[in-house]
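Colleague: take a look and give me a structure for this.
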Amino acid sequence: MPLIAIEEHWIMPDVTSGLRAVLQPDESLAFNEMGDNQERLEDLGAGRIAAMDAQGIDVSVLALTPPGVQPLPPREALALSRAANDMAAAAVARHPTRFRSLSTLPMSSPKDVGGELERAAGMGHVGTMVYGRSGDLFLDDPAYDDFFCAASELGQPVFIHPQLPSTAVRDASFRGFDRMTDLALATFGWGWHLDAAIAVLRLMLRGTFDRHPDLQVVLGHWGEMLLFWLDRADSLSRIAGLERSISDYVRSNSYITTSGMLNPAFLQHALSVTSVDRLIFSTDYPFQQPTREEIDAFLKHFSSDAERKQFSSANAASLYGIAV
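Modeller: Here you go, the predicted structure:
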């Protein structure tokens, strides 16, 4: 049974240099430098493919690692987005049976986002990865509506990845411990996932999916908390005057991926609030590296071979247009 992983990170040195050069570098860059992460992130060839083979992964969908280029000034973000998209496309061309890629977009320059999305789609990128905020500009700001229109029309799914909460939010809620505990609390321990969930909720409340009903977004980490709070979130629909419930937007416009969190309890809950055709496998490489044995054990929790196939490859193949 083929296995497609859709959130497999990479980085290029010029992006790392650009992110390090800003006035206040994103502290989550520290995770890229832990252990052998940097080496793995920069490898778009034999080493990565060997890791895929060891895990039993047939196709990896590459995505630039957080925080992408969103913290960068507009001109630099555009130049590095284009360079990253060119490099990822070249990696796919070298290994067409093993790689696909999500584009990187200059979200700090809203006027350039649609054009780069279209250029990247023309090069073969199967979707894009963005974050919920660029500076003080939220993803649901009207400045980005042309982007979502283009993504819908081009059939480019939008992966909304977590990022560090804003400085104001971090100062209010995610500080008071030692530096690394502060960072962990603001990132993988809690803040990342809350930030991504709020970004998606804001898109729903802004009517983005009513204006663009064919738009599809992808959420990692089992839906970034949202799946576990739908009973309460659904009350927002009535107050905001939405055409549909929050749950319906989740079931109709959202795909959910595991990000290496192979917890059968999360699977059972996800199946209780959405359908198996909305669930997709990913490992969040290199930050999570589940073994082939762990992956195989998790797949046994699906009730049928048909469900296992949907999760492991068919859903990703359909969403991203990948031949398997």
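Colleague: just the strands from the chain, written as ranges.
Modeller: Remark: strands assigned in the chain by DSSP state E are 4-10, 59-64, 99-104, 127-131, 133-134, 137-138, 158-161, 217-219, 254-257, 279-280.
Colleague: mean neighbour count and distance to residue 198 for those strands - can I get that in CSV?
Modeller: Bear in mind the C-beta positions are built from the backbone N, C-alpha and C, glycine included. Shown next, in CSV, are those (neighbours: other Cβ atoms under 10 Å; distance: least, Cβ to Cβ, whole Å):
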stretch, mean neighbour count, distance to residue 198
strand 4-10, 26, 20
strand 59-64, 26, 21
strand 99-104, 27, 22
strand 127-131, 27, 12
strand 133-134, 26, 9
strand 137-138, 16, 9
strand 158-161, 24, 10
strand 217-219, 25, 12
strand 254-257, 24, 15
strand 279-280, 25, 22
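Colleague: can you lay out those as a markdown table showing distance to residue 211 and mean pLDDT?
Modeller: Formatted as a markdown table, the strands of the chain follow (distance: least, Cβ to Cβ, whole Å; pLDDT from 0 to 100):
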| stretch | distance to residue 211 | mean pLDDT |
| --- | --- | --- |
| strand 4-10 | 26 | 98 |
| strand 59-64 | 26 | 98 |
| strand 99-104 | 22 | 98 |
| strand 127-131 | 17 | 98 |
| strand 133-134 | 20 | 94 |
| strand 137-138 | 16 | 95 |
| strand 158-161 | 14 | 98 |
| strand 217-219 | 14 | 98 |
| strand 254-257 | 16 | 98 |
| strand 279-280 | 25 | 98 |
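Colleague: with distance to residue 271 added, can I get those in CSV?
Modeller: Formatted as CSV, the strands of the chain follow (distance: least, Cβ to Cβ, whole Å):
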stretch, distance to residue 271
strand 4-10, 19
strand 59-64, 23
strand 99-104, 26
strand 127-131, 24
strand 133-134, 31
strand 137-138, 31
strand 158-161, 21
strand 217-219, 16
strand 254-257, 10
strand 279-280, 8
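Colleague: any figure for the gap between residue 40 and residue 280?
Modeller: In this view, residue 40 and residue 280 are 22 Å apart by Cβ to Cβ, to the nearest Å.
Colleague: nearest to residue 47, of the strands of the chain?
Modeller: strand 4-10 (11.4 Å; Cβ to Cβ).
Colleague: for the closest one, name the packing helices and strands.
Modeller: Strand 4-10 sits against helix 37-42, helix 46-55, strand 59-64, strand 158-161, helix 315-320, with contacts defined as 3 or more Cβ pairs under 8 Å, 6 or more residues apart in numbering; DSSP states H and E.
Colleague: which strands or helices does the third one pack on?
Modeller: Taking 3+ Cβ pairs under 8 Å, 6+ apart as the contact definition, the neighbouring helices and strands of strand 59-64 are strand 4-10, helix 74-94, strand 99-104, strand 127-131, helix 315-320.
Colleague: excluding covalently adjacent residues, which one is nearest to residue 186?
Modeller: Using Cβ to Cβ, 6 or more residues apart in numbering and skipping the chain neighbours, the partner closest in space to residue 186 is residue 174 (3.9 Å).
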